[in-house]
Structures are given as C-alpha cells and as structure tokens.
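Participant: Everything below, folded, please.
(one chain, ligands or ions: 1)
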Amino acid sequence: MGSGNGIVPAIQLHNGLEMPRFGLGVWQAREGDEVLRAVTAALDAGYRLIDTAAIYGNEEGVGHAIKTSGVPREELFVTSKLWNDSHAYNDAIHAFEQSLERLGMDYLDLYLIHWPLPMEGKFPEAWRALEKLYNDGRVRAIGVSNFKPPHLEKLLETCTILPMVNQIELHPRMQQHETRAFCTERSIAIESYSPLMQGGAVLAEPAITQLAKKHQKSPAQIVLRWHIQSGFIVIPKSVTPARIVENIDIFDFELAPSEMQQITNLHANQRIAADPDYAQFK
Ligand code: NDP
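Facilitator: Next comes the predicted model:
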C-alpha cells in the first residue's frame, strides 16, 4: 500500500510503512480549480504521494481531486501538517480532525508538525497528540518538518515514538548536512521541500544546464534526479500540467557519481525559506 505505481521507488519508514519517494507538493496551488487540476494531472501521470498542509488552504480541493480520480485510496500516500497555532494537545487533535474532514478521508498516511516554534517550546506537547493519533490508527506515520538537530534532541527527550520523517528545505544550494546526518543516524527519513529552489536560480546554474543538455533532460529533471539518487523523498510543486508530467519523468536515466558530485558542489548554505529557529508565523 502507498508504495507508488511501479515507476516511483519507495522508502521503508522505520515503522515498516512504504512511502513513495516522489510526489506532488501543493503549497501555493489555489483552492478550487487550480489545485483540482494539478492533483488530477499528477494522479494521471502516476504520482501517488500528495503533500498538503492545513495552512495551504487547499485540502478540500486535494480531497476532491483524489475522490474523482478513481485511484483507490489505499494506493495513495497523503500527507498533511499541523499548523503553528495548534501545538496544544487538544488543539492538535482537533486540527487533525479538521484536516481529515476537509480532505474527506478517514485516515492520513503521514501527519507532520509543520514548524517547531522553539521560542514557544510546545512542540513536545503537539508530538504527544501525534503519538496518540498514530497509536489510535488514525494516521499511518508521523513526523516533523523544519526541525534542526537541537529541536529533534529536545523531542527525543520525551517522545515514545521517533519521528518517521523530517521534511526540510533541501536543494543543491542548501544541502542541510548536519540535519541529514542527525536524521540518518536515527532512521528518520529526509524529505526535500522546495527541491527546485522554488523554480529559482539553481535551474540556471551552468553545472545543471550542461548536465541537462548532456542527458537531454530539463534542468528541473536533473535536480530532481539528484534528490532521488541522494536518497531523499522529493515533492516538487507545479500547477502546470506539462511540468507535472516532466517532473516525474526522471526514472529512465542516471547521473554518474562525478555528475552527482558536480551538483553537490553547488552547496552555498542558501536558505530561501524561514530559519526554523526564528520562524513563528501563525
Ligand atoms: P519547488 O522547489 O517545488 O518549486 C516550485 C516552483 O517551481 C513553482 O513556481 C513551479 O511553477 C516551478 N516549477 C515546477 N516544475 C518546474 C519545471 N519543471 N521547470 C521549471 N519550473 C518548475 O517549491 P515549493 O516551495 O513549492 O516546494 C515544494 C513543496 O514542498 C511545496 O509545494 C510543499 O508541499 C512543500 N513545502 C513545505 C514547506 C514546509 O515548511 N514544510 C515549505 C515549502 C514547501 P508552476 O507551479 O507555475 O509550474
């Protein structure tokens, strides 16, 4: 279940659940027609993992697209996230239930704490709520997002279930070596968000455009292939049907070790999202 469509490789999370290593992100896909069309195009193209969040305001459209697609629910892997205003235990349970209701589903595959908000220090309480949801069988895996090693260390002091996934900003310009090492040592899977650097500068890097030419692929496909060969789960966002098809078409070629290294050399510690130590938007 939830392991993709045969093209997309899966990763086994530390609780044994199989998660597709490639999917569609829908941040900034507008609720209504836009998200409906994007998710429909993705499911038609073979995507089976969809990454949404309460704050994206498009869970209803995601749920609607899934329902009308005809793809059986058990073949899909649906992620949503707990927003920052709901870290208190009861609020977290309620927020999860509201996400399920908007999605029109009776379980989620993965539920993440969206941001740690270390200045508030309530994420261990939110985690207790996620553990309860997991133990009650309402979600098949639980994890975190934007957690740095100190946040994870604090969580590990009180948790009874280790997060299965940490979803973090990760692209060739921001490679998150410390967080990756910390998570890998503890069998926490790494999921790359903003993998294309939001369609930004990384796609114009000469190293990337040259590899694109050589492999007769697009710059985005080269970058996404780098994520896959690096072992990450990757969730590029697009609302453009041709790009949605293009982005999943990365399983018929391989980057050589020296080509992987050329991309890895682009690291510049360049964040485009907020620094999780300071982000406190609600
Ligand atoms: P991405 O790196 O996925 O880039 C998305 C942008 O790139 C869009 O503008 C899209 O345009 C464009 N694009 C997509 N495919 C191509 C292509 N083949 N060629 C050129 N441009 C392309 O950025 P996101 O920030 O959206 O990250 C992906 C997902 O990660 C989000 O949607 C969300 O699910 C998740 N995320 C999670 C966060 C968290 O805090 N946990 C934070 C940020 C993202 P268009 O849509 O117009 O085609």
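Participant: Show me what the helix ranked longest in the chain is packed against.
Facilitator: Scanning the chain for the longest helix, with DSSP state H as the assignment, gives helix 89-103. Here helix 89-103 touches helix 59-69, strand 77-82, strand 108-113, helix 123-135, going by 3 or more C-beta pairs under 8 Å, 6 or more residues apart in numbering; DSSP states H and E. Any C-beta I mention is one placed from the backbone N, CA and C, and that applies to glycine too.
Participant: Apply 6 Å and report the result again.
Facilitator: helix 59-69, strand 77-82, helix 123-135 (3 or more C-beta pairs under 6 Å, 6 or more residues apart in numbering; DSSP states H and E).
Participant: then the second one to CSV, C-alphas only?
Facilitator: Backbone C-alpha positions of strand 77-82 (Å, rounded to 0.1, in the frame of the first residue of the first chain) are rendered in CSV as follows:
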residue,chain,number,x,y,z
PHE,A,77,0.0,8.4,0.2
VAL,A,78,-1.5,11.6,1.6
THR,A,79,0.5,14.0,3.9
SER,A,80,-0.9,17.0,5.8
LYS,A,81,0.6,19.2,8.5
LEU,A,82,-0.3,20.6,11.9
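Participant: What parts of the stretch 51-200 of the chain come near the ligand?
Facilitator: Contacts of the stretch 51-200 of the chain with the ligand, taken as C-beta under 6 Å from any ligand atom, map to 51, 114, 145-146, 167, 193-199.
Participant: isn't there a helix covering Ile11?
Facilitator: No. Read with DSSP: H, G, I helix; E, B strand; the rest coil, Ile11 is strand and lies in no helix.
Participant: How much space separates the single nearest residue of the stretch 101-250 of the chain relative to the ligand from Val223?
Facilitator: Residue of the stretch 101-250 of the chain nearest the ligand, by C-beta to the nearest ligand atom: Gly199 (2.8 Å). Distance, Gly199 to Val223, by C-beta to C-beta, to the nearest Å: 10 Å.
Participant: Who has more neighbours out of these two?
Facilitator: Using other C-beta atoms under 10 Å as the criterion, Gly199 and Val223 rank with Val223 on top: 28 against 14.
Participant: The more buried one: what secondary structure?
Facilitator: Quick answer, by three-state DSSP: Val223 is helix.
Participant: How confident was the prediction at it?
Facilitator: Residue-level confidence at Val223 comes out at 98, pLDDT.
Participant: right, so the helices and strands packed on helix 89-103: which one is the most enclosed?
Facilitator: strand 77-82 (a mean of 27; mean count of other C-beta atoms under 10 Å).
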